[in-house]
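Enquirer: the sequence and its predicted three-dimensional model are supplied below.
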Amino acid sequence: MKKYISLAVKCPHCGESLMDLNHLIHGYPSVKVNIETKRARGVIWLCSIYDCFDHENNIELREDEEVQFYCPHCNQSLMLDTRCNLCKAQMVGFNIKVGGKVDICSRKGCKNHYVVFENLADEINKFYQEYGTGE
């Protein structure tokens with residue numbers, strides 16, 4: 001049986017949790033952030049399950065559109081200087097509560113994302129303590 005890992009993330013600037021316990025996606029708290037397109041500003045709720053790309057938003061997002069992401073607490077940009085190696089859009093960065101970070105592509109429809117652990121041994125140990133071995 002496959003074990004799903006729901007990643008709890010926080011803002012890399014203010015450290016506040018980005019988890020919305022009241023807005024569940026697939027039974028898990030979603031990641032709530034403010035977004036902006038060339039046409040509108042709104043909110044997006046991202047599925048917190050790693051490798052799930054489902055999301056809900058309160059503004060229209062067009063396929064292949066690049067979206068700007070902001071912390072709902074401090075309003076700092078979550079955009080990174082790095083570009084997606086698949087589509088060349090800007091990447092978006094979140095810190096994982098147990099350590100490390102997860103980066104996602106800002107282009108709607110692109111599925112590029114990855115988890116990075118800064119101190120691999122310590123972070124993997126914390127990760128397994130929090131999420132288990134996946135068996």
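Expert: Right, received. Where do you want to start?
Enquirer: list the contacts for Ala89?
Expert: Applying C-beta atoms under 8 Å, 6 or more residues apart in numbering, we find Ala89 in contact with Glu66, Arg83, Cys105, Ser106, Arg107, Cys110. For the C-beta atoms, the positions are set from N, CA and C on the backbone; glycine is no exception.
Enquirer: apply 10 Å and report the result again.
Expert: For Ala89, the contact set (C-beta atoms under 10 Å, 6 or more residues apart in numbering) comprises Asp64, Glu65, Glu66, Val67, Met79, Arg83, Cys105, Ser106, Arg107, Lys108, Cys110, Asn112.
Enquirer: only the buried subset of these, as a PyMOL command please.
Expert: Buried residues within those, as defined by 16 or more other C-beta atoms under 10 Å, are selected in PyMOL through the command that follows:
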select buried, resi 66+67+79+105+106+107+108+110
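Enquirer: now, which of the contacts of Ala89 lie within strands?
Expert: Met79, Arg83, Cys105 (DSSP state E).
Enquirer: ok so, going back, which two in the contacts of Ala89 are spaced the farthest apart?
Expert: Greatest spacing in these, by C-beta to C-beta: Asp64 and Met79 (17.5 Å).
Enquirer: from the ones in strands among the contacts of Ala89, which is closest to Ser30?
Expert: Nearest to Ser30 among the ones in strands among the contacts of Ala89 is Cys105, at 18.0 Å by C-beta to C-beta.
Enquirer: check the gap between the closest one and Gln129 for me.
Expert: In this view, Cys105 and Gln129 are 29 Å apart by C-beta to C-beta, to the nearest Å.
Enquirer: by mean pLDDT, flag the weakest helix or strand of the protein.
Expert: Among the helices and strands of the chain, helix 120-131 carries the lowest confidence by mean pLDDT, DSSP states H and E, at a mean of 63.
Enquirer: and the lengthiest strand in the chain, which strands flank it?
Expert: Ranked by residue count, the top strand of the chain under DSSP E comes out as strand 28-36. When sheet partners are counted by DSSP bridges, strand 28-36 sits next to strand 19-25 (antiparallel), strand 41-46 (antiparallel), strand 68-70 (antiparallel).
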